[in-house]
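Engineer: only geometry, no sequence info:
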């Protein structure tokens, strides 16, 4: 994720304050690579939970600005199979911390690409059509799922872009787990999502 707002964070809704940032969120400053996974209910899937795995790089500065690149794979049901749709984005936000509540003002959110995850695309086509499917059938089906992935990503993008200029908030916990390692937990209870991050070398 190279300066972005994590998708799982946006899906959960949050926010923060610059003058409190340097002291209270100091462990987050600098460049990090983070991962997170969760199940999120989206309107696009009739409110049913979708498994998500997110990887991102993010740079956060002392004024509370966080910017980065994100790759999130959504495992979308297609018949009895799960189709891995990868949404690649770039975003920027301003954070404030008020007690145990993190607040997020979305400044930008840009869709870079929506596609079937490359490593899993061929396997998915084979699982749906079988190993002996004709090349023409595989090509036609591949084009169909590529369009589905693009449409899905556009829907996600519209939802996130509608948040630009708006603030949201949620419970937040930040802990240091080792040298150059932190965990950021957004939300509370069974719906809480933890992002595990490793500091990138300068």
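Structural biologist: Received, thanks. Just so we're clear, the structure is a prediction, and the values are computed from it rather than from any experiment.
Engineer: in the chain, which helix has the most residues?
Structural biologist: When the chain is parsed with DSSP state H, its longest helix is helix 135-161.
Engineer: Buried residues, it. List them.
Structural biologist: 138, 142, 145, 148-150, 152-153, 156-157, 160 (16 or more other Cβ atoms under 10 Å). Glycine gets a C-beta too; all of them are placed from N, C-alpha and C.
Engineer: after it, next one along is what?
Structural biologist: Later in the chain than helix 135-161, the nearest helix or strand by DSSP states H and E is strand 167-178.
Engineer: gap between the closest residue to residue 60 other than its chain neighbours and residue 59?
Structural biologist: Closest residue to residue 60 apart from its sequence neighbours, by Cβ to Cβ, 6 or more residues apart in numbering: residue 66 at 4.3 Å. Noted for residue 66: a distance of 7 Å to residue 59, by Cβ to Cβ, to the nearest Å.
Engineer: Show me which of those two is the more surrounded one.
Structural biologist: A side-by-side neighbour count of residue 66 and residue 59, using other Cβ atoms under 10 Å, places residue 66 first with 27 against 19.
Engineer: what is that one paired to in the beta sheet?
Structural biologist: Each beta-bridge partner of residue 66 is listed here, defined by DSSP bridges: residue 60, residue 93.
Engineer: does it really touch residue 57, like I thought?
Structural biologist: No: at 11.1 Å, residue 66 does not count as touching residue 57 under the criterion of Cβ atoms under 8 Å.
Engineer: For residue 148, see how far away residue 189 is.
Structural biologist: Taking Cβ to Cβ as the measure, residue 189 and residue 148 are separated by 33 Å.
Engineer: same check, this time on residue 51
Structural biologist: Applying Cβ to Cβ, the value for residue 51 to residue 148 is 17 Å.
Engineer: likewise residue 66?
Structural biologist: From residue 66 to residue 148 the distance is 31 Å (Cβ to Cβ).
Engineer: and what of residue 130?
Structural biologist: 20 Å.
Engineer: go on, residue 98?
Structural biologist: 41 Å.
Engineer: just residue 89 next, same as before
Structural biologist: Counting by Cβ to Cβ, the gap from residue 89 to residue 148 is 18 Å.
Engineer: pLDDT-wise, which helix or strand of this protein ranks last?
Structural biologist: helix 18-24 (a mean of 43; mean pLDDT, DSSP states H and E).
Engineer: Report the buried residues of the helix or strand following it.
Structural biologist: Sequence-wise, the next helix or strand downstream of helix 18-24 (DSSP H and E) is strand 30-41. By neighbour count on 16+ other Cβ under 10 Å, the buried set for strand 30-41 is 31-34, 36-38, 40.
Engineer: would you list those residues in a markdown table and tack on pLDDT and distance to residue 94?
Structural biologist: Shown next, in a markdown table, are these (pLDDT from 0 to 100; distance: Cβ to Cβ, whole Å):
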| residue | pLDDT | distance to residue 94 |
| --- | --- | --- |
| 31 | 95 | 18 |
| 32 | 96 | 17 |
| 33 | 96 | 21 |
| 34 | 96 | 18 |
| 36 | 95 | 21 |
| 37 | 94 | 26 |
| 38 | 90 | 24 |
| 40 | 79 | 23 |
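Engineer: Alright, that wraps it up for me.
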